[in-house]
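# Starting from these lines, generate the structure:
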Amino acid sequence: MRSSKTIKVLVVDDSIVFRQLLALGISSEPGIEVVATAKDPFDARNKILKFKPHVMTCDVEMPKMNGIEFIRRLLPQYPLPVIVVSSVNGAVFEAMDAGAVDFVVKPDTTNMQSVEQFIYEMIEKIKIASNAKIVQNKAKNSMYYNREHDSFDSNKIVAIGASTGGTEAISMILKNMPSTVPGIVIVQHIPPVFSRLFAERLNASTNLQVKEAETGDYVGQGKVLIAPGSKHMRIRKISNGYKVECFEGDKVNGHCPSIDVLFESVAKEAGKNAVGVILTGMGYDGAKGLLAMRRSGAQTIGQDENSSVVYGMPKVAYNIGAVSKQLPLDNIAFSILKMLK
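Residues are numbered from 1 along each chain as shown. Model prediction:
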């Protein structure tokens, strides 16, 4: 782990004011050093070679070459954890698809509170990214399991939890799910608004009906509900299936939405009719909830270390006995389908 050593950071942004603001802010944290700043991808490439940073922050919108194209070209040659800085739009998910490990929303620079919150989030994500690894997932090119005519038990439900690196992991799993799959509920640690954008992206790129969850939504065949970025989500058993409730509340394990809140409700309401999956992410959210699911008779899956961007949450879950099967990401979709049969 690099946590005991200084984390060297390269800041890439075309605005000199923003470069200085970000560099000054994150350098105030002990253990983080901004070794260089760059005004564009070509400047950044030279400084990567010269300063060998551990983490790079990168603006999405830049002249000469945008941040997404830069990441796509850079990572095959220089595997480097990248945190992208973006305004509120779907470009962040293109950046994640290109290989970035996380993102932070660009602040309103006229609002000091917004800037302070941005710096705090960036510092936390730099620490996580410094221990992340760039994973070349075979699942990106995996063959779709053509099981459109498979039948599944309508009482079944799938619950998935993820954090850092999770948007791409979830996308890979859902792209390999047929439209006949039982309902899926997901907590991804993600800021408000981005949860809706994430759901819309998945709805357009998979065979499933994906939406940001609202209280009263039915968890039905071929449907996927993503917890809102600012609310907890839990399920309730009804006569012919399950419905979700979304509600405001304090952070649990440092997060709202919390994976544990969802998993514990699934353990209580669905018991042995559930499959629980915990994916890449830092921390321990979801581990106790997954253990509750396993103890209630559910089958449980944990992502393995080699395919995880951050092997934190799956490791804690595995260590406490919550995981009945540990798998690489590209095997998880197929294993879920087998468990649902």
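# Tell me how far G297 lies from S324.
11 Å (Cβ to Cβ, to the nearest Å). Where C-beta positions appear, they are placed from N, C-alpha and C, glycine not excepted.
# So which elements touch the longest helix along the chain?
The longest helix of the chain (DSSP state H) is helix 112-129. When contacts are defined as 3 or more Cβ pairs under 8 Å, 6 or more residues apart in numbering; DSSP states H and E, helix 112-129 sits against strand 7-12, helix 16-27, strand 32-38, strand 55-59, strand 82-86, strand 102-105.
# right, so the ones you listed: which one is the most enclosed?
Comparing those by mean neighbour count (mean count of other Cβ atoms under 10 Å), strand 55-59 comes out on top with a mean of 26.
# hmm, who's touching that one?
7-15, 18, 22, 44, 48, 67, 70-71, 80-86, 100, 104, 106, 122, 126, 129-130 (Cβ atoms under 8 Å, 6 or more residues apart in numbering).
# That strand vs helix 112-129, what angle?
When axes from the mean of the first three to the mean of the last three Cα atoms, to 10 degrees is applied, the directions of strand 55-59 and helix 112-129 differ by 140 degrees.
# In this protein, where is pLDDT below threshold?
Residue ranges of the chain with pLDDT under 70: 1-4, 136-149.
# Going along the chain, name the helices of the stretch 51-200 of the chain.
67-74, 91-98, 112-129, 166-174, 194-205 (DSSP state H, counting those that start in this stretch).
# swap in the stretch 201-341 of the chain?
Under DSSP H, counting those that start in this stretch, the stretch 201-341 of the chain gives helices at 259-269, 287-295, 313-319, 329-340.
# between these, which one is nearest to P192?
With Cβ to Cβ as the criterion, P192 lies closest to helix 259-269 of these, at 16.5 Å.
# Now do that closest one: distance to the chain's middle.
19 Å (Cα atoms, centre = their mean, to the nearest Å).
# One more: stretch 94-111?
The answer for stretch 94-111 is 13 Å, by Cα atoms, centre = their mean.
# Pull out the buried residues from it.
Buried residues in stretch 94-111, counted by 16 or more other Cβ atoms under 10 Å: 94-107.
# Out of the helices of the stretch 51-200 of the chain, which is closest to K341?
helix 166-174 (16.9 Å).
# Adding distance to A270, write the helices and strands packed on helix 112-129 out as CSV.
Formatted as CSV, these follow (distance: least, Cβ to Cβ, whole Å):
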stretch, distance to A270
strand 7-12, 42
helix 16-27, 43
strand 32-38, 43
strand 55-59, 40
strand 82-86, 36
strand 102-105, 31
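# Show me the one of those that comes nearest E305.
Closest to E305 of the helices and strands packed on helix 112-129 is strand 102-105 (Cβ to Cβ; 18.7 Å).
# list the helices and strands that closest one packs on?
strand 82-86, helix 91-98, helix 112-129.
# In TSV, list the helices of the stretch 201-341 of the chain along with mean neighbour count.
Formatted as TSV, the helices of the stretch 201-341 of the chain follow (neighbours: other Cβ atoms under 10 Å):
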stretch	mean neighbour count
helix 259-269	25
helix 287-295	24
helix 313-319	23
helix 329-340	19
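# H54 versus E121, what's the distance?
Distance of E121 to H54, given as Cβ to Cβ: 18 Å.
# Pick out whichever of these two has more residues nearby.
Taking other Cβ atoms under 10 Å, E121 and H54 do not tie; H54 has more neighbours (20 against 17).
# circling back to that earlier point, for the helices of the stretch 201-341 of the chain, give me a markdown table that also has distance to I173.
Listed next are those as a markdown table, based on distance: least, Cβ to Cβ, whole Å:
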| stretch | distance to I173 |
| --- | --- |
| helix 259-269 | 15 |
| helix 287-295 | 16 |
| helix 313-319 | 14 |
| helix 329-340 | 5 |
